[in-house]
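**Q** Below are the sequence and a predicted model for it; my questions follow.
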Amino acid sequence: MHERLNELVERFEELTRELSKPEVVSDPGRLRDLGKQHAALQPVVTAYRAWRDALQQAEEARALAKEERDAEMAAFLRGEQDAAERKAGELETKLEALLVPKDPNDEKSVVVEIRAGTGGQEAALFAGDLYEMYQRYAERNRWKTEVLSSSPSDLGGFKEVVLEVKGAGAYSRLKGESGVHRVQRIPVTEAGGRIHTSTATVAVLAEADDVEVHVDPDDLEIDVFRSSGPGGQSVNTTDSAVRLTHKPTGIVISVQEERSQRQNREKAMRYLRARLLKLAQDEQQREEAATRRAQVGTGERSEKIRTYNFPQNRVTDHRIELSVHNLPEVLAGDLDRFVEALLAEERRAQLAAG
């Protein structure tokens, strides 16, 4: 990173010199082009210089504290060193973020798919726990949520639930949740007190608008039917539920959350556009982006990105080897420690890749 930053500083200084030349000032097109390059580099160069200054201040304070004989002054200098080191750390994180190309989806709202995996009724209950966790995390961030589609299980929880999360930056904060989540606990259905392992899969899709994904009405097959609850009992006396089949891709979306057929159709279209956007992105960036199937895995117990261990009060993210012992707080939506660590790892990987 240091080598790349030094190159950017050299380019910034070169542009500064170029912009002061009479032949550039008299050429509006060239002046505008070089001015844009200069403006784009300025935040990086400013942060880099401040970072180097903070490191130098920390080193100077450390050296002075080591030589200082007066205990009170030495303590003051060590405090100055700590403050400079904290500032340097914050600036380094900012630099990493500035150097990494911004994901065009980061500021978008999302559609979160949660499906019970291996483990029967216990997996469905765990899927319900994850649903509530994301609901609470959204509340902490003041995002709005709405269920697009759900299939409740008989004992509670969900066989499948699709949650729309609307708010700036939702995708950047939630994209790391995609994958297989594993729970280890004694199920409510277990009489013998044995610990079971179950899974649920999560997929996070960036929400698409009409401009990004155009759906040809001729490509849709639309069916309406009566809504049903757990066990198949009818919960509505009118044909308000909607099933959309996108014929070119075979994607099928069923929504029955609302009593209005129009509202269910609108929800189904939002969900379909998000699925189609993800499909298009996977095709365009096959070497960089995993397909949705690879993203969530098969739901087998051996595949996992995170484990929720109830007996040990522990949550472990296996991608970054981070464990915390505050499981109830995590399920209550306290996800920021994992989110920040995953974003930092993403930045490091992108910087290492070039």
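**A** That came in fine, so what should we check first?
**Q** Tell me the secondary structure at residue 84.
**A** Secondary structure assignment for residue 84 (DSSP: H, G, I helix; E, B strand; the rest coil): helix.
**Q** Specify the local secondary structure of residue 223.
**A** Per three-state DSSP, residue 223 ends up strand.
**Q** tally of neighbours for the closest residue in space to it that isn't next to it in sequence?
**A** Closest residue to residue 223 in three dimensions, ignoring its sequence neighbours and counting by Cβ to Cβ, 6 or more residues apart in numbering: residue 243, at 4.3 Å. Where C-beta positions appear, they are placed from N, C-alpha and C, glycine not excepted. Summarising burial for residue 243: neighbours were counted as other Cβ atoms under 10 Å, giving 16.
**Q** what's the answer for the one 4 residues further on, then?
**A** Around residue 247 there are 11 other residues, counting by other Cβ under 10 Å.
**Q** cool, residue 11 as well?
**A** 14.
**Q** Point out where the stretch 1-150 of the chain drops to low pLDDT.
**A** Residues of the stretch 1-150 of the chain that meet the criterion pLDDT under 70 lie in 1.
**Q** Please, where are all the strands along it?
**A** Read by DSSP state E, counting those that start in this stretch, the stretch 1-150 of the chain holds these strands, from start to end of the chain: 110-116, 144-152.
**Q** Single out the most deeply packed of these.
**A** A comparison of the strands of the stretch 1-150 of the chain by mean neighbour count, using mean count of other Cβ atoms under 10 Å, puts strand 110-116 on top with a mean of 25.
**Q** Each with direction, which strands does the lengthiest strand in the chain pair with?
**A** Secondary structure assigned by DSSP state E gives strand 196-206 as the longest strand of the chain. The sheet places strand 196-206 alongside strand 110-116 (antiparallel), strand 179-185 (antiparallel), with pairing taken from DSSP bridges.
**Q** Can I get the first one as CSV, trimmed to CA atoms?
**A** Below are the C-alpha coordinates for strand 110-116, written out as CSV (Å, rounded to 0.1, in the frame of the first residue of the first chain):
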residue,chain,number,x,y,z
VAL,A,110,-31.3,-5.1,-0.4
VAL,A,111,-33.4,-8.2,-0.5
VAL,A,112,-32.4,-10.8,2.1
GLU,A,113,-33.4,-14.4,1.5
ILE,A,114,-33.3,-16.7,4.5
ARG,A,115,-34.0,-20.4,4.1
ALA,A,116,-34.0,-23.3,6.5
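**Q** what's the model's confidence in the longest strand of the chain, averaged?
**A** Mean per-residue pLDDT for strand 196-206: 94.
**Q** Please export the C-alpha coordinates of that strand as PDB.
**A** Included here for strand 196-206 are C-alpha records, laid out as PDB according to Å, rounded to 0.1, in the frame of the first residue of the first chain:
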ATOM      1  CA  HIS A 196     -28.000 -30.600  17.700                       C
ATOM      2  CA  THR A 197     -26.400 -28.800  14.700                       C
ATOM      3  CA  SER A 198     -28.700 -27.200  12.200                       C
ATOM      4  CA  THR A 199     -28.200 -24.600   9.400                       C
ATOM      5  CA  ALA A 200     -29.900 -21.900   7.500                       C
ATOM      6  CA  THR A 201     -28.800 -20.100   4.300                       C
ATOM      7  CA  VAL A 202     -28.700 -16.400   3.700                       C
ATOM      8  CA  ALA A 203     -28.400 -14.600   0.400                       C
ATOM      9  CA  VAL A 204     -28.200 -10.800   0.100                       C
ATOM     10  CA  LEU A 205     -29.300  -9.300  -3.200                       C
ATOM     11  CA  ALA A 206     -28.900  -5.600  -4.200                       C
END
